[in-house]
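*Asks:* can you look at this prediction? I've put the sequence above it.
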Amino acid sequence: MASMTGRTILATAFAAVLAFASHLSAANAGDMRIAFGDLPGIESIQTLAAIERAKERGVNVELIVLNDEDLAAQAIVGGQADVGIGAPYTLIQKVGVPIRIFAQISTLRFFPVVNSEFYKEWKDLDGQEVAVQARGSGTEAVMLLMAKNHGIKLGNISYVPGSE
């Protein structure tokens, strides 16, 4: 879950998009389907308030609440949503669909931890099993990107239990 500061940044960007849309007439604005990849809570109150304000101004907004960020990204790919709020890193990398990130909630920090007795550089991980936070997470996407950039193929990828 993102920090309150991250949610505030997202809400501000999202409110700006909705404010722009609200200047259009309701007939011209069209529909906006938003896939929200988290359960609504206090951290997302700014986003929910922005959606309600847009509705008050005549923008037809449908909020699709999903309890998983991966589902929000899949809703974009499948055409069920126009805007997704979640982390689509792996989806963008693997599926090759024209998705763009126009607001990032937080900076991804990636700290690969290895036994330096055996792994001195990236090529030493060629064919080795690795573990990342969760399927479809930013850490998985960065790990796959680093493998590609260093010309190696990772072995089995394991996921930290309970993080999905």
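*Replies:* Received the coordinates, thanks. Residues are numbered from 1 along each chain as shown.

*Asks:* please make it C-alpha for all contacts and neighbour counts, starting now.
*Replies:* Will do.

*Asks:* state the distance spanning the first to the last residue of stretch 130-150.
*Replies:* 15 Å (Cα to Cα, to the nearest Å).

*Asks:* ok, and for it, which residues are buried?
*Replies:* For stretch 130-150, the neighbour count (16 or more other Cα atoms under 10 Å) marks 130, 132-144, 147 as buried.

*Asks:* stretch 53-66 too?
*Replies:* 53-55, 57-61, 63-66.

*Asks:* pLDDT averaged over that stretch - what is it?
*Replies:* Averaging pLDDT along stretch 53-66 gives 91.

*Asks:* where does the protein dip in pLDDT?
*Replies:* Scanning the chain for pLDDT under 70 picks out the ranges 1-30, 87-93, 96-107, 162-164.

*Asks:* spatially nearest residue to Gln128 (excluding sequence neighbours)?
*Replies:* Counting by Cα to Cα, 6 or more residues apart in numbering, Gln128 lies nearest to Gly155, which is 4.6 Å off, once chain neighbours are set aside.

*Asks:* how close does that neighbour sit to Asn115?
*Replies:* The spacing between Gly155 and Asn115, counted by Cα to Cα, is 16 Å.

*Asks:* surely Glu69 and Ala75 touch.
*Replies:* No: when contacts are counted by Cα atoms under 8 Å, Glu69 is not listed as touching Ala75 (9.9 Å).

*Asks:* quick one, domains of the protein?
*Replies:* Listed domain ranges for the chain are 4-95, 108-164 (source: automatic domain parsing).

*Asks:* look at Gly155 and Asn115 and report which has more neighbours.
*Replies:* Gly155 (12 against 7; other Cα atoms under 10 Å).

*Asks:* residues contacting that one?
*Replies:* By Cα atoms under 8 Å, 6 or more residues apart in numbering, the residues touching Gly155 are 126-130.
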